[in-house]
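Novice: Quick one: sequence and predicted model below, then my questions.
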Amino acid sequence: MFNASLHPFSSSAVQHPLAVYGWDEGWEAEFAPYAAQGLVPGRVVRVDRGQCDVTTPDGVVRADTEFVVPHDPMKVVCTGDWVAVDPEGGDPRYVRTLLPRRTAFVRSTSSKRSEGQVLATNIDHIVICVSLAVELDLGRIERFLALAMSSSSGDALLHKSALSWESGAQPVVVLTKADLVPDATGRSYLVQDVETVAPGVQVLSVSSLTGEGTEVLAAIVAGGTSVLLGVSGAGKSTLANALLGDDAMEVQATRDADGKGRHTTTTRNLLALPGGGVLIDTPGLRGVGLWDAATGVGQVFSEIEELAENCRFHDCAHESEPGCAVRAAIEDGTLPERRLHSYRKLLRENQRIVAKTDARLRADMRRDWKLKHAEGRAAMQAKRGHVR
């Protein structure tokens, strides 16, 4: 959440036309050198085909991004960025520079080049939307949270994933379409199921149809910038309309057969909320690939990492080693085995992603694989010799 002690509001920042979009004394200080050049501050509310809509003190303007198209995909203009644009009079007007990002949500792309994709920047809350119209996928929720909790800040955001729960961005899991589970006891059990995989994270059941939970969520997102994330059909755009009090976002019905959506939202849009704060609505995500998310995985599965500290061997694989505290917790029922499987899966995936851009880690992984292969071959030979 925004920390006023780190970025106190000056009277000029509070009175600034962009204050409703998150402008504060910190951004004012960052922009000062560009103000001296006659440039205009603004926040990107939408990016589309090499151009973007930027809200400025004089209203929303269309600006060209030609001068801010780097080779690094992590540095491209994104919804939520604060920028410096040309003053009125130029045609076209250009975005001249991006101000340093405070936070960013990054996932890995499906590209074979192992690139990261920035989905939203300078955000304070991550609202992970999960539809109750279909069976809960706890593994997908764990994946979203692992990305949401991966820590990074300041200039490191240009190179790493962000949305640090500790450094300012707070995740919230919202179970949408709660009206489809009319039994209050049943809903409470579903909330409890999600709470078991989201340690320390607030979990809300919300219905945009009946209004259940929307006031609580509105109070949460009223301070700062929030981003809605989830798969198609999770009800993000309907929830955005409920928070906005207006049908600003187009919505479509989900398919009856599988409850899946139809990608109603096709771009990321930043919208000012009537109760304060701003909201970024995003298209449904087909895939959520991890991107340098080791810290987030550790936070999501904190109970496993705490148990592992009590294992007899520091490099315990939690398989059949004697004195394994993790296996003991599974056997006595305090740790679901599904959690361990999910933990291992996300760790392996994240390691593969990082290894693609880290030569030393690739070499370490190759050496470990060869060692395990040799050990397995030696064990098989010894077993065969014993049989004889």
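Specialist: That came through, no problem.

Novice: Show me the helices in the stretch 1-150 of the chain, by range?
Specialist: 11-15, 25-35, 138-148 (DSSP state H, counting those that start in this stretch).

Novice: Okay, residue 295 and residue 138: tell me how far apart.
Specialist: Separation of residue 295 from residue 138 (Cβ to Cβ, to the nearest Å): 20 Å. Yep, even glycine has a C-beta here, placed from its N, CA and C like the rest.

Novice: and what of residue 28?
Specialist: From residue 28 over to residue 138 the distance is 43 Å, taken as Cβ to Cβ.

Novice: again, but for residue 229
Specialist: 16 Å.

Novice: Compare those two (neighbour count), which wins?
Specialist: Between residue 229 and residue 138, counted using other Cβ atoms under 10 Å, residue 229 has the larger neighbour count: 25 against 18.

Novice: per-residue confidence for that one?
Specialist: The model reports residue 229 with a pLDDT of 90.

Novice: what does residue 105 give?
Specialist: As predicted, residue 105 sits at a pLDDT of 85.

Novice: Pretty sure it sits against residue 225.
Specialist: No. Using Cβ atoms under 8 Å, residue 105 is not in contact with residue 225, being 11.1 Å away.

Novice: Residues that sit against both of those two, list them.
Specialist: residue 123 (Cβ atoms under 8 Å, 6 or more residues apart in numbering).

Novice: how many neighbours does residue 50 have?
Specialist: By the other Cβ under 10 Å criterion, the neighbourhood of residue 50 contains 10 residues.

Novice: Quickly list what the residue nearest to residue 119 when sequence neighbours are not counted is bridged to.
Specialist: Residue nearest to residue 119 in three dimensions, not counting chain neighbours: residue 105, with 4.8 Å by Cβ to Cβ, 6 or more residues apart in numbering. With DSSP bridges as the criterion, residue 105 is bridged to residue 120.

Novice: just residue 203 next, same as before
Specialist: According to DSSP bridges, beta-bridge pairing links residue 203 with residue 173.

Novice: What separation do you get for it and residue 174?
Specialist: Residue 203 sits 8 Å away from residue 174, going by Cβ to Cβ.

Novice: who has more neighbours, the two?
Specialist: residue 174 (27 against 20).

Novice: pLDDT at that one, what is it?
Specialist: Reported pLDDT for residue 174: 97.

Novice: give me every residue that touches it.
Specialist: The contact partners of residue 174, by Cβ under 8 Å, 6+ apart, come to 127-130, 203-206, 213, 217, 239.

Novice: one more time with 10 Å, if that's ok
Specialist: 127-131, 194, 202-206, 213-214, 216-217, 220, 228, 230, 234-236, 239 (Cβ atoms under 10 Å, 6 or more residues apart in numbering).

Novice: All the strands of the protein, residue numbers only.
Specialist: 40-48, 51-56, 59-64, 82-85, 93-98, 104-108, 116-121, 125-131, 170-176, 202-205, 225-229, 269-272, 278-281 (DSSP state E).

Novice: which one is residue 294 nearest to, not counting chain neighbours?
Specialist: Nearest residue to residue 294, sequence neighbours excluded (Cβ to Cβ, 6+ apart): residue 350, at 5.6 Å.

Novice: Could you measure from that neighbour over to residue 344?
Specialist: 11 Å.

Novice: Surely residue 205 touches residue 178?
Specialist: Yes. The pair residue 205 / residue 178 is scored as a contact, 4.1 Å apart, by Cβ atoms under 10 Å.

Novice: Pull up the overlap in contacts between those two.
Specialist: Contacts common to residue 205 and residue 178, judged by Cβ under 10 Å, 6+ apart, are 132, 184, 187, 190-191, 212-213.

Novice: Buried members of the residues you listed into ChimeraX, please.
Specialist: Selection of buried members from the shared contacts of residue 205 and residue 178 for ChimeraX, criterion 16 or more other Cβ atoms under 10 Å:
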select :132,187,190,212,213
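
Novice: pLDDT score assigned to the closest residue to residue 145 other than its chain neighbours?
Specialist: In this structure, residue 145 finds its nearest non-sequential neighbour in residue 300, 4.8 Å apart by Cβ to Cβ, 6+ apart. For residue 300, the pLDDT comes out at 89.

Novice: And for the closest residue to residue 141 other than its chain neighbours, the neighbour number?
Specialist: Setting aside the residues directly before and after it, residue 141 is nearest to residue 197 in space (Cβ to Cβ, 6+ apart), at 5.7 Å. Residues lying near residue 197 (other Cβ under 10 Å) number 21.
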